[in-house]
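S.K.: structure, please.
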Amino acid sequence: MAQRDYSKHQQDIISRYYDQMDTIALHKLQELVSELYLADTEAKRKRLWDRVHKAMIKLKVPPQLAEHIMGKKDVEILAKNLQEWLAHSPHRK
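M.R.: Residues are numbered from 1 along each chain as shown. Below you'll find the predicted structure:
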(Lines give C-alpha, C1' and ligand atoms only; values in the text may rest on other atoms or scores of the structure.)
Protein backbone atom coordinates (compact mmCIF):
# COMPACT_ATOMS: atom_id res chain seq x y z
CA MET A 1 0.00 0.00 0.00
CA ALA A 2 1.32 3.43 -0.92
CA GLN A 3 2.48 5.84 1.76
CA ARG A 4 0.06 8.75 2.09
CA ASP A 5 1.25 12.30 2.54
CA TYR A 6 -0.95 14.00 5.11
CA SER A 7 -0.93 17.69 5.85
CA LYS A 8 0.09 18.82 9.34
CA HIS A 9 -3.58 19.48 10.13
CA GLN A 10 -4.58 15.96 9.04
CA GLN A 11 -1.72 14.45 11.03
CA ASP A 12 -2.92 16.30 14.14
CA ILE A 13 -6.48 15.01 13.67
CA ILE A 14 -5.26 11.44 13.21
CA SER A 15 -3.01 11.74 16.25
CA ARG A 16 -5.84 13.05 18.45
CA TYR A 17 -8.09 10.23 17.25
CA TYR A 18 -5.58 7.59 18.30
CA ASP A 19 -4.92 9.40 21.59
CA GLN A 20 -8.64 9.17 22.33
CA MET A 21 -9.16 5.51 21.29
CA ASP A 22 -9.81 4.32 24.85
CA THR A 23 -12.39 7.03 25.42
CA ILE A 24 -14.09 6.23 22.12
CA ALA A 25 -14.18 2.52 22.99
CA LEU A 26 -15.65 3.28 26.43
CA HIS A 27 -18.40 5.38 24.88
CA LYS A 28 -19.20 2.61 22.41
CA LEU A 29 -19.39 0.21 25.33
CA GLN A 30 -21.84 2.58 27.05
CA GLU A 31 -24.03 2.47 23.96
CA LEU A 32 -23.88 -1.33 23.97
CA VAL A 33 -25.04 -1.41 27.60
CA SER A 34 -28.04 0.70 26.63
CA GLU A 35 -28.77 -1.51 23.65
CA LEU A 36 -28.53 -4.63 25.83
CA TYR A 37 -31.12 -3.22 28.22
CA LEU A 38 -33.45 -2.65 25.28
CA ALA A 39 -32.73 -5.87 23.33
CA ASP A 40 -35.93 -7.78 22.79
CA THR A 41 -34.69 -11.01 21.19
CA GLU A 42 -32.10 -13.55 22.22
CA ALA A 43 -30.38 -13.30 18.82
CA LYS A 44 -29.95 -9.55 19.24
CA ARG A 45 -28.57 -9.99 22.77
CA LYS A 46 -26.08 -12.57 21.49
CA ARG A 47 -24.82 -10.17 18.79
CA LEU A 48 -24.53 -7.36 21.31
CA TRP A 49 -22.62 -9.53 23.78
CA ASP A 50 -20.23 -10.49 20.98
CA ARG A 51 -19.62 -6.79 20.35
CA VAL A 52 -19.13 -6.22 24.10
CA HIS A 53 -16.50 -8.95 24.15
CA LYS A 54 -14.64 -7.37 21.21
CA ALA A 55 -14.80 -3.96 22.89
CA MET A 56 -13.36 -5.33 26.13
CA ILE A 57 -10.49 -6.91 24.18
CA LYS A 58 -9.85 -3.56 22.47
CA LEU A 59 -9.84 -1.85 25.88
CA LYS A 60 -7.39 -4.47 27.20
CA VAL A 61 -9.69 -5.48 30.04
CA PRO A 62 -7.93 -8.17 32.12
CA PRO A 63 -8.88 -11.55 30.60
CA GLN A 64 -10.19 -12.95 33.90
CA LEU A 65 -12.57 -10.02 34.32
CA ALA A 66 -13.71 -10.20 30.70
CA GLU A 67 -14.33 -13.94 31.08
CA HIS A 68 -16.32 -13.32 34.27
CA ILE A 69 -18.49 -10.68 32.60
CA MET A 70 -18.99 -12.81 29.50
CA GLY A 71 -19.75 -15.89 31.61
CA LYS A 72 -22.47 -14.12 33.58
CA LYS A 73 -23.77 -12.01 30.67
CA ASP A 74 -25.38 -9.76 33.24
CA VAL A 75 -25.86 -6.18 32.05
CA GLU A 76 -25.74 -4.91 35.64
CA ILE A 77 -22.25 -6.36 36.18
CA LEU A 78 -21.08 -4.88 32.89
CA ALA A 79 -22.57 -1.49 33.74
CA LYS A 80 -20.92 -1.40 37.18
CA ASN A 81 -17.53 -2.26 35.73
CA LEU A 82 -18.02 0.29 32.98
CA GLN A 83 -18.68 2.99 35.59
CA GLU A 84 -15.34 2.13 37.22
CA TRP A 85 -13.51 2.18 33.90
CA LEU A 86 -15.03 5.55 33.06
CA ALA A 87 -14.05 6.96 36.46
CA HIS A 88 -10.43 5.93 35.88
CA SER A 89 -10.27 7.02 32.25
CA PRO A 90 -7.32 9.37 31.67
CA HIS A 91 -9.32 11.49 29.20
CA ARG A 92 -12.31 11.92 31.49
CA LYS A 93 -13.66 15.46 31.55
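
S.K.: report the buried residues of the host helix or strand of residue 50.
M.R.: Secondary structure from DSSP states H and E places residue 50 in helix 42-58. By neighbour count on 16 or more other CB atoms under 10 Å, the buried set for helix 42-58 is 48-49, 51-53, 55-56. (Glycine included, C-beta is placed from N, CA and C.)

S.K.: which outside residues touch it?
M.R.: Helix 42-58 is contacted from outside by 21, 25, 28-29, 32, 35-36, 39, 66, 69-70, 73, 78, using CB atoms under 8 Å, 6 or more residues apart in numbering.

S.K.: quick one on the thing from earlier: and which of the buried residues of helix 42-58 is nearest to residue 12?
M.R.: residue 55 (26.3 Å; CB to CB).

S.K.: how close does the closest one get to residue 86?
M.R.: For residue 55, the distance to residue 86 equals 13 Å [CB to CB, to the nearest Å].

S.K.: do the same with residue 18
M.R.: According to CB to CB, residue 18 stands 20 Å off from residue 86.

S.K.: quick one, which of the two is more surrounded?
M.R.: A direct count of neighbours by other CB atoms under 10 Å for residue 18 and residue 86 places residue 86 higher, at 14 against 8.

S.K.: how about the contacts made by the closest residue in space to that one that isn't next to it in sequence?
M.R.: Distance criterion CB to CB, 6 or more residues apart in numbering; nearest residue to residue 86, sequence neighbours excluded, is residue 26 at 5.8 Å. Applying CB under 8 Å, 6+ apart to residue 26 gives the contacts 59, 82, 85-86, 89.

S.K.: looking at those residues, which one is closest to residue 5?
M.R.: Of all those, residue 5 sits closest to residue 59, with 32.0 Å by CB to CB.

S.K.: where's the residue nearest to the spatial centre of the chain, which helix or strand?
M.R.: What sits nearest the mean C-alpha location of the chain, by CA atoms, centre = their mean, is residue 25, with 3.3 Å. Residue 25 is part of helix 21-38 when elements are defined by DSSP H and E.

S.K.: state the mean pLDDT of that helix.
M.R.: Averaged across helix 21-38, pLDDT comes to 94.

S.K.: just to revisit the earlier point, mark which of the contacts of residue 26 are buried, thanks.
M.R.: 59, 82, 85.
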